[in-house]
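> Predicted coordinates and the sequence they were generated for:
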Amino acid sequence: MIRIANITKAFGGNIAVNDVSLHVKKQEIFGLVGPDGAGKTTLLRVVCGLITPDRGAVSIMGSDPQRLEGARENLGYMPQRFSLYGDLTVMENISFFGSMYKLSRQAIRERAEEVFAVTKLSGFEHRLADNLSGGMKQKLALTCAMITRPGILVLDEPTYGVDPESRKDFWKILYRLNQEGRTILVTTPYMDEAELCHTVAFINQGRVIKAGSPLQLKRDFPYQLLEVMVGSRDPDLFRSLDLVLDSSFYGDKYHLVVADAAAARPAVIDHLARLNIPVLRLLQIAPTMEDIFVSLAEQEVG
Amino acid sequence: MSRILAVIKKEFLQMRRDRLTLGIVFALPLVQLLLFGYAIQTEVKHISTVVFDQSLSPESRDLTDSFTASGYFDVTSTANSYTAVTRMIDSGQAKVGIIYPPDFAENLKKGVPAQVQVVVDASDNMVASQAVAVANSIGLIKSQQVLFQRARLQSAPYDVRVRPWYNPDGITAYYMVPAILGIIVTMTMVMMTSVAIVRERERGTLEQLIVTPLKSYELMIGKVAPSIVLGYAQITVALLVGALVFRVPIRGSLLQLYLLTLFFITASLGLGVLISNIAKTQMQAMQMSFFVLLPSILLSGFMFPREAMPKVIYYIGAVIPLTYYLQIIRGIVLKGIGFPYLIGQVTALLIFSAIFMGIAILKFQKKIA
Ligand SMILES: Nc1ncnc2c1ncn2[C@@H]1O[C@H](COP(=O)(O)OP(=O)(O)OP(=O)(O)O)[C@@H](O)[C@H]1O
Ligand SMILES: [Mg+2]
C-alpha cells in the first residue's frame, strides 16, 4: 500500500529521519513506535506530502512517486496536534473538510452519520470543537480524516494525552475500521499500543531499528527476562552483576535482561542476599514490547 | 469555486464568533474619527487677548473691535503697562497682547503710519501662526478702508479675493475625515489579513487544511473575500459619522465612491495576505503591518502635502495604495468629480491588488517545512 524508500530529512544539522525504508501492506495496522523526537511525525508528514524529503521517495498504492496528489485523495491524515477549528462546531468542521473534497452536503451528512456510528460522536454535532474532551476531539479529527472514505489512514499519535478508557475506545474503533478493509499507519509513544499493531517498526533517533509483527519481534528477542520486585529503588542495583546484561526500573519492579534465565536466577538471589535486600518476587516473564525496544535502542547506542 | 465558497463560509462563521475583533472593526472608525476629527481642528478661534491701550481714542477702540469681531481674538483683560502685558503672556493668561502707543490716533490723522504692536506667544505654533495671519489681514483691511476714505473712493482699486474652492471655509474636518476613513480601512484590512494565514500556521490548523486538495489561490481568495464586507461596513460607519457629526458634504456620487473603494480594499487585503505569507508568527505579521502602515500615513499625503516632499520621498509615496485612494475619496467627496478623472488612480490600485495577491498565491506552499 505504502512504500517508503530511503527517506532522509534533516532540519538544519539535525537529522530527523535517517534513511528509512518501510513497506506498509494492504489492510494492516502498521505501528511506528518510538520516543519523543524519534522522527515519527516527520516521516508521516513526508508520506502525506507535507514535507519534501531530502532524499528518498514515497509511493502510495503503486503510484508514481512524482505524482502523488491523486493517490493522496485516498489517504486520510490526522495530525499529532489537534488541527481542526476550535471555534467551529463538530458538524461545521466536518462539513468544511468535506467541502474541500467537493462532497455534496448530502454525502457529507451520510458519511458523518456512518463514522459517528463507529465513533459515538452523535449528539455533539453542534458543540464547538474547543469544548470537546480530549478523547472526543480525537474522534472528531478521525471523523474528518475519514470523510473521503479513504483506503489509508495515517494517524499521528491519535491517543496522545487521552485518558486510558478513551484510548481503549479509540483502538476498538481502529480495529473496526481495519476490519472494514482500511490500511492504517499509526504512530505511538505507548509500548502497550505497539502490541495491538499487526506490524511494528521501532524508530529511534531517525532510524528504524527493527520492524516486524509483535510475535516475530518477541521470538527474535535473543534474551530472556527476569522480573524482580524488591524493597529497593536504586536504579543501579544490578549494575555490578555480569550476568545481567541490562536492567530497567519501572517504579516498583525491575526488568533484567539476561542471556539465560536459569543461570542468572541464583546469581540475582545471591546478589540481593549479600546486600540484605529481601526479595518480594522473582520470576521469568515474556518480554514486553517495551523490553524489546529498550534493549534494541541500547544496542543501537552501544 | 465550491471550495472558495466553503472557505468564505468558514471565515464568516469564525468571524461571527470572534466578537472582540468584530467590535474593534466597528468601533475603530467611530472612535478614530471622533478623536482625530475633533483633535485636528487646526483652526484656532477665541484666542485670549490682553489690550494695553495708551491712546484711548475712538480709533484705537475701533481697531480693537475689529480684532474682536473677527472671532479669533477674545479681549479677556486690559493692562496698564508693558510689564503687565508681558506678565500675562508669560503666565499664559493671554496668548496675544495688543499695544497701542499714545500717539496712535494722532499719527493716523496725520497720515503717518500708525503703529500697533501685536505680541504673540509663539510657543504654541498653531495659535501663533493663526494669530499672526489674522492680525496681519485685519491690519491690511483696516488700512485699506482708511485709504479709500481718504481717496474718497467707494471701493478698492483692486479687489483680489481668494476663494478656496471645494472647502471655502477651510474647515479641516472636510479635508481630514475622508482621509482618516482611508487610513482606518487600510489599517484594518492589512492587519486583519496579515494574521490570516500565520494564525492557521501557528494553531496547526493549516496542517489539516493543506493535505486536502484545496488550491493556493482558493485559500487566498477565500480568506480575503469576507474582509471586503467588513471594509464596506467600516466605510459606511465612517461616512455616517463624517456626514452626521462633522457635516462633511458628499459632493460626488456615493455609488461611485463605493465602487471605487473596492479596489482600495482589495489592494489593502492583498498587502495583508502577502505579509501573512511571509511572516513566520502572528507577532511578526503585526510588526510588518506597522512597518508598511506607518509610511502610508506619513507619505500618502494624509499629513503633509506630497508636492512639498523631496523627490525620493515623493516617489516612495507613489507605491503606496493609500496615496491613490486619498485622491479618489477627496476627489469624490470634496470636489464632486467622478470616475473619468480618477482612471489613473483606479488603475494603480488594480495593479497593486493584482501584484500583491499574485505574489501571495505564488509564495504559498502547501508544505509544513
Ligand atoms: N519543522 C521542523 N523544524 C526543525 N526541526 C524539526 C521540525 N520538525 C521536527 N523537527 C526535529 O526533528 C526531530 C524529529 O521530530 P519529530 O516531530 O518527527 O519526532 P516525533 O517522533 O514525532 O516526536 P514526538 O513524539 O515528540 O511527536 C526532532 O528533533 C525535532 O526537533
Ligand atoms: Mg510527533
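Arrived safely. Ligands and ions are numbered 1, 2, ... in the order given.

> Counting neighbours, what do you get for residue B:301?
By other CB atoms under 10 Å in any protein chain shown, the residues close to residue B:301 number 21. Any C-beta I mention is one placed from the backbone N, CA and C, and that applies to glycine too.

> quick one: pLDDT of residue A:239?
Reading off the confidence values, residue A:239 has pLDDT 85.

> So what does it have for phi and psi?
Dihedral angles of residue A:239 (phi, psi; degrees, to the nearest 10) stand at phi -60, psi -40.

> so what's the nearest residue to it once chain neighbours are set aside up against?
Among residues not flanking residue A:239 along the chain, residue A:247 sits closest, at 7.4 Å (CB to CB, 6 or more residues apart in numbering or on different chains). With contact taken as CB atoms under 8 Å, 6 or more residues apart in numbering or on different chains, residue A:247 is in contact with A:235, A:237, A:238, A:239, A:254, A:255, A:256, A:257.

> Let me see the contact set for residue B:114.
Residues near residue B:114 by CB under 8 Å, 6+ apart: B:59, B:103, B:104, B:105, B:107, B:108.

> circling back: in terms of helices and strands, where is the residue nearest to residue A:239?
Element membership for residue A:247, per DSSP states H and E: strand A:244-249.

> Partner strands of that strand, with direction?
According to DSSP bridges, strand A:244-249 forms sheet pairs with strand A:254-258 (antiparallel).

> can you give me how far the partner strand is from the chain middle?
Put simply, strand A:254-258 sits 24 Å off its chain's centre (CA atoms, centre = their mean, to the nearest Å).

> And for stretch B:275-287?
Chain-centre distance of stretch B:275-287: 28 Å, with CA atoms, centre = their mean.

> Does it reach ligand 1?
No: shown here: stretch B:275-287 not in contact with ligand 1 (CB under 6 Å from any ligand atom), separated by at least 11.2 Å.

> Toward the C-terminus from the helix or strand of chain A with the lowest mean pLDDT, list the very next helix or strand.
Every helix and strand in chain A was compared by mean pLDDT, DSSP states H and E; the lowest is helix A:69-72, with a mean of 73. Sequence order places strand A:75-78 as the next helix or strand after helix A:69-72, per DSSP H and E.

> Output the contacting helices and strands for the helix or strand just after that next one.
Downstream of strand A:75-78, the first helix or strand assigned by DSSP H and E is helix A:90-100. Helix A:90-100 sits against helix A:105-119, helix A:134-145, helix B:2-17, with contacts defined as 3 or more CB pairs under 8 Å, 6 or more residues apart in numbering or on different chains; DSSP states H and E.

> in the sheet, who's paired with the residue nearest to residue A:239?
Beta-bridge partners for residue A:247, by DSSP bridges, are residue A:256.

> centroid residue for chain A?
Nearest to the geometric centre of chain A sits residue A:188, at 2.4 Å (CA atoms, centre = their mean).

> Same question for chain B.
Centre-most residue of chain B, counting by CA atoms, centre = their mean: residue B:176, 3.2 Å.

> and that one, what pLDDT?
Predicted confidence (pLDDT) at residue B:176: the value is 80.

> how about the helix or strand hosting it, does it get close to chain A?
Residue B:176 is part of helix B:172-194, with elements assigned from DSSP H and E. No: against chain A, helix B:172-194 shows no contacts by CB under 8 Å from any CB of the partner chain, the least distance being 15.6 Å.

> C-alpha coordinates for that helix, PDB please?
The C-alpha trace of helix B:172-194 is given here as PDB (Å, rounded to 0.1, in the frame of the first residue of the first chain):
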ATOM      1  CA  THR B 172     -10.300  71.000   8.500                       C
ATOM      2  CA  ALA B 173     -12.800  68.200   9.100                       C
ATOM      3  CA  TYR B 174     -13.900  68.200   5.500                       C
ATOM      4  CA  TYR B 175     -10.400  67.600   4.400                       C
ATOM      5  CA  MET B 176      -9.400  65.100   7.200                       C
ATOM      6  CA  VAL B 177     -12.500  62.900   7.600                       C
ATOM      7  CA  PRO B 178     -12.300  61.200   4.200                       C
ATOM      8  CA  ALA B 179      -8.500  60.800   4.700                       C
ATOM      9  CA  ILE B 180      -9.000  59.200   8.100                       C
ATOM     10  CA  LEU B 181     -11.600  56.900   6.600                       C
ATOM     11  CA  GLY B 182      -8.900  55.700   4.100                       C
ATOM     12  CA  ILE B 183      -6.400  55.100   6.900                       C
ATOM     13  CA  ILE B 184      -8.900  53.200   9.100                       C
ATOM     14  CA  VAL B 185      -9.800  51.000   6.200                       C
ATOM     15  CA  THR B 186      -6.300  50.200   5.100                       C
ATOM     16  CA  MET B 187      -5.200  49.700   8.700                       C
ATOM     17  CA  THR B 188      -8.000  47.200   9.500                       C
ATOM     18  CA  MET B 189      -7.700  45.400   6.200                       C
ATOM     19  CA  VAL B 190      -4.000  44.900   6.300                       C
ATOM     20  CA  MET B 191      -3.800  44.000  10.000                       C
ATOM     21  CA  MET B 192      -6.700  41.600   9.800                       C
ATOM     22  CA  THR B 193      -5.500  39.600   6.800                       C
ATOM     23  CA  SER B 194      -1.800  39.800   7.800                       C
END
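
> could you say what helices and strands that helix packs with?
Packed against helix B:172-194 by the contact rule (3+ CB pairs under 8 Å, 6+ apart) you find helix B:19-39, helix B:216-244, helix B:254-278, helix B:282-299, helix B:321-330.

> Relative to the whole chain's centre, how far out is it?
Distance of helix B:172-194 from the chain centroid (CA atoms, centre = their mean) equals 9 Å.

> could you point out which element follows it?
Next in sequence after helix B:172-194, counting helices and strands by DSSP H and E, comes helix B:196-203.

> So what's the residue count around residue 92?
You didn't say which chain, so I picked chain A. 20.

> you looked at the wrong chain, it should be chain B
Residue B:92: 11 surrounding residues under other CB under 10 Å.
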